[in-house]
Each structure stands twice: as structure tokens, then as C-alpha cells.
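# Kindly generate the corresponding structure for this input.
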Amino acid sequence: MNQRLSEKGSPKRIVVIGVGNLLQKDEGIGIHAVKALQEMQLPANVTIIDGGTSPDILACTRRGDKLIIVDAARAGGEPGVIYRFQPDDLVSESGAALSVHELGVPQNLRLMLLSGSEPSEVVIIGIEPKEIDWGIELSPELETKIPEIVAVVLKEMRTG
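Just a heads-up that it's a prediction; the model follows:
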């Protein structure tokens, strides 16, 4: 993997945090994706974190120069569509949060900005869910998307 250098000349520290609830089907897609990443051989400058339903993004930002968040996101597309958001994109024109974690990710990102601890880059990889209901399995549409989601995250690690 081609490693980008930080301003200090060392490889950029990259943190990938998966967010979601494994007990609510597609709402857990971020966790499923980071579990797949944890099984891979990744460079030493990459940290993979299972953020669960209450991610402490502020603590994670102290570990990296680039933060990649993987989460379910309702943006009106077909189930399994993969989106790439910036933090400012999390709130739609209507004011509704795009992230399924309306009280988690957006508020954590705002706190991060206010505290001055933001990494040089934050990217949110959002996946359109099909089913958010009780159950531990992903819908077939999202289950088949895990390799593609992993590929998108790996590509994101190489950019910026």
C-alpha cells in the first residue's frame, strides 16, 4: 500500500472506525466492514476500531492524521449504495441527519472541531441500509457489498 507522509515526514496515521449496532441487521454494517478489515494485513500506521453504537470519535482523532468512519447512512438510495461524505455533508438541506446515529457521529464530529483535535482529513463512508430491525444478520444486499466496502476503505487509505 502506498503510504502518504504526514507533515512530520512519517507515514500518515490512519484510523478507521466502524460504527453500528450488530443487533439491528443492516445498522451494523460499519462493524461488519471493520471486522473484515481486521482480518487483513494492514500497514503499521493504520488502526482499525470497532466503535459500536457510541463511538468516542474524539478519542480516536488523537490517534490519527486521517479518520475514516464507516456507518449505515440513509440518503435515499438503493440498499447497498456506498456514499462518501465529508463531515459537513452529514446534515441534509432539510436539517435531518443522514447518519443512522443521529446523536452519535455528527455531534462527535462537532465536538472534535470545537476542541481543535480534528485530524487533517475526515471521511465518512456511508452505506444505504435495507433493513434496520432486530436481528444479527445483514440483508443479502449488504452482505454481498462487504468486499466492495472494504475496497472503498482501502482506496481511501491510499488517498489524501
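# Let me know the next secondary structure element after the helix or strand bottoming out on mean pLDDT in the chain.
Here the helix or strand of the chain ranked lowest by mean pLDDT, DSSP states H and E is helix 105-115, holding a mean of 57. Going down the chain from helix 105-115, the next helix or strand is strand 121-127, by DSSP states H and E.
# which residue sits closest to residue 146, ignoring its sequence neighbours?
Spatial nearest neighbour of residue 146, excluding adjacent residues (Cβ to Cβ, 6 or more residues apart in numbering): residue 36 at 5.5 Å. From N, CA and C alone the C-beta is placed, and that goes for glycine too.
# surely the one you found meets residue 151?
No - at 10.4 Å, residue 36 does not count as touching residue 151 under the criterion of Cβ atoms under 8 Å.
# What residues does the nearest residue to residue 133 once chain neighbours are set aside make contact with?
What sits nearest to residue 133 in space, not counting adjacent residues and going by Cβ to Cβ, 6+ apart, is residue 25, at 5.6 Å. Contacts for residue 25 (Cβ atoms under 8 Å, 6 or more residues apart in numbering) come out as 129, 131, 132, 133, 134, 135, 136, 137, 138, 139.
# Contacts for the helix ranked longest in the chain next, please.
The longest helix of the chain (DSSP state H) is helix 146-158. With contacts defined as Cβ under 8 Å, 6+ apart, helix 146-158 is touched by 1-2, 4, 14, 16, 29, 32-33, 36-37, 40, 46, 66, 68, 70, 82, 84, 123, 125, 127, 138.
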